[in-house]
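J.: Could you work out the structure for the sequence below:
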Amino acid sequence: MGQHFCSCWGQKPLDNYEESVSEPEPKPQSILTAVDYALAHYAYQANGANELSFNRGETLEVINKDDEDWWLARHHGTIRVGYIPVPYVALTSSLESHEWYHGDIPRVEAEQILKSQFNVLGAFLIRKSYRYDAYSLSVKALCKDGSTVRIKHFSIPRINDYFMFVGRYFFTLGGLVDFFITEVDVGLPPFMPKHPCVRPPPRMQDISKENKEQWEIQREELLFIEEIGHGSFGKVWLGKWRNHVDVAIKTMKEGKMKADDFLEEAKVMKSLRHPNILALYAVCSKEEPLLIVTEYMAQGALLNLLRREDMNLQLQLYIATQTAAGMEYLESKMLIHRDLAARNILVGHCYVCKVADFGLSKLYEDAIYAGKVSKGKLPIKWTAPEALLHQKYSSKSDVWSFGVMLMEILTHGVVPYIGYSNQQVLEVLQEGYRMPQPKDCPDKLYELILNCWDKHAEQRPTFHFIHDYLENFDIQAENSYYDGKQW
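T.: Numbering: from 1, shown residues only. Alright, predicted model coming up:
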């Protein structure tokens, strides 16, 4: 996730933003014709002379939209120009410009946003429903007992040119929202208003416009704050870039990797752009220790989260689905991870999950990478038999690891093959043993796990199939809507 927050998530408005960055030289006014207008959902502090700072709620004139991540813009009615991060704004002509509209997000993500500590009773949002041409309204409210908080969902089907909501028809979603705020009783305490929810922080791929192309940075720009992890590669620190952008800094052990190999691997990582893949921001490769700078995920490793929180099946599926989406993307790029496990999935606000730690990943050409790796350095309990015995890695060996990771999720972080040594695991797998079905695990989900562990790699499902399967697994939950009559 990006590390700049709107005021409600901890960031103060940029009252003096005009002095936070030197003004870029404007082009002649005749060239700078606005092609569109954008509304800022968050405040943003410029990180370079070619960027533009702005406050939440400000309208900006968009001059160029060619870059998917950074638009050239200016403040309304001025000639000052600079680049703005696209995730921070929405075109004023779009539905996304409304505070209450959150686009095509799944039901469980909507629930996690509303359950956040930053959202109080009465917070609501509208999202695109999985149903064709339909929407859903979700609100943080109370059950009939008047004390238990729960998220209530209302269906908004589209019928001809109208939006249907609690038995009424509306020309626009805006009119529907006005009616909901003033007329619909959802069981809130007296005088507690309904209001658009606070948005989670935006997800950024780069820490600056300049950094998108020039991602070798000066290590003097980094502030190391606190060690938050370590492994065979080195240590991970919470840090800041240029004193205000939160980042994670991975320090590589000296002498473990050549700078050229490091840069080649980093180049692949930097090219990856997916909401469920950890974003690489920058590197420091001019001297040792080599540094990798990535986005910071506030809740840390999934494994630790599984062990400290009692998650229900719906949240477990949400986490698994996001991981499958990230792995489907790697699969499409002909990339293998080789160390997929709960410890290498990082979690941010609202349980957003990202696949991380590509220290063992390699780009492969023929769908198979045959390498020589010491078994002593392999994560035995997560690694597919063909990789353990013959050093054959593919996307299908990652699928095996994904099945093991699903067991970690469903057992709340229990070590796989508990009671077995690494050598015993090797032996029993060859004999056909598979971990038993966890308590409360649906039969159809365990069936998927067993398919991930097929002894024939080519018979295992693809991540494309797995993602689609998990995304639609809990679809029946979408049928549990309120009709507004009981409140």
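
J.: Where do the helices of the stretch 301-450 of the chain begin and end?
T.: All helices of the stretch 301-450 of the chain, identified by DSSP state H, counting those that start in this stretch, fall at 302-308, 313-332, 385-390, 395-410, 422-430, 443-452.

J.: Relative to L223, which of these is closest?
T.: Relative to L223, the nearest member of the helices of the stretch 301-450 of the chain by C-beta to C-beta is helix 302-308, separated by 24.3 Å. In short, each C-beta sits where N, CA and C put it, glycine included.

J.: Turn the helices of the stretch 301-450 of the chain into JSON lines, columns for mean pLDDT.
T.: Below are the helices of the stretch 301-450 of the chain laid out as JSON lines (pLDDT from 0 to 100):
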{"stretch": "helix 302-308", "mean pLDDT": "97"}
{"stretch": "helix 313-332", "mean pLDDT": "96"}
{"stretch": "helix 385-390", "mean pLDDT": "93"}
{"stretch": "helix 395-410", "mean pLDDT": "98"}
{"stretch": "helix 422-430", "mean pLDDT": "95"}
{"stretch": "helix 443-452", "mean pLDDT": "97"}
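
J.: which of these sits most buried?
T.: Comparing the helices of the stretch 301-450 of the chain by mean neighbour count (mean count of other C-beta atoms under 10 Å), helix 395-410 comes out on top with a mean of 24.

J.: hang on, the earlier thing: among the helices of the stretch 301-450 of the chain, which comes closest to K128?
T.: helix 313-332 (16.6 Å).

J.: between the closest one and helix 395-410, how many degrees?
T.: Interaxial angle, helix 313-332 versus helix 395-410 (axes from the mean of the first three to the mean of the last three C-alpha atoms, to 10 degrees): 160 degrees.

J.: Can you spell out which helices and strands pack onto helix 313-332?
T.: Where contact means 3 or more C-beta pairs under 8 Å, 6 or more residues apart in numbering; DSSP states H and E, helix 313-332 is packed against helix 107-115, strand 345-347, strand 353-355, helix 395-410, helix 463-471.

J.: Output these in CSV; the columns should cover distance to G77.
T.: As requested, those are exported to CSV (distance: least, C-beta to C-beta, whole Å):
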stretch, distance to G77
helix 107-115, 34
strand 345-347, 42
strand 353-355, 39
helix 395-410, 52
helix 463-471, 45
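
J.: all helices of the stretch 151-300 of the chain, in order?
T.: Counting by DSSP H, counting those that start in this stretch, the helices of the stretch 151-300 of the chain are 173-183, 209-213, 259-271.

J.: Tell me which of the ones you listed sits nearest to F233.
T.: helix 259-271 (10.9 Å).

J.: Make a markdown table out of the helices of the stretch 301-450 of the chain and add distance to R158.
T.: Converted to a markdown table, the helices of the stretch 301-450 of the chain look like this (distance: least, C-beta to C-beta, whole Å):
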| stretch | distance to R158 |
| --- | --- |
| helix 302-308 | 37 |
| helix 313-332 | 26 |
| helix 385-390 | 49 |
| helix 395-410 | 35 |
| helix 422-430 | 51 |
| helix 443-452 | 31 |
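
J.: Figure out which of those is closest to G234.
T.: Set against G234 and scored by C-beta to C-beta, those come closest in helix 302-308, at 18.9 Å.

J.: Give me the contacts around the closest one.
T.: By C-beta atoms under 8 Å, 6 or more residues apart in numbering, the list of residues contacting helix 302-308 from outside reads 299, 319, 341-343, 345-347, 353, 408-409, 412-413.

J.: which one of these has the most neighbours?
T.: I345 (28 neighbours; other C-beta atoms under 10 Å).

J.: Cool, thanks, signing off.
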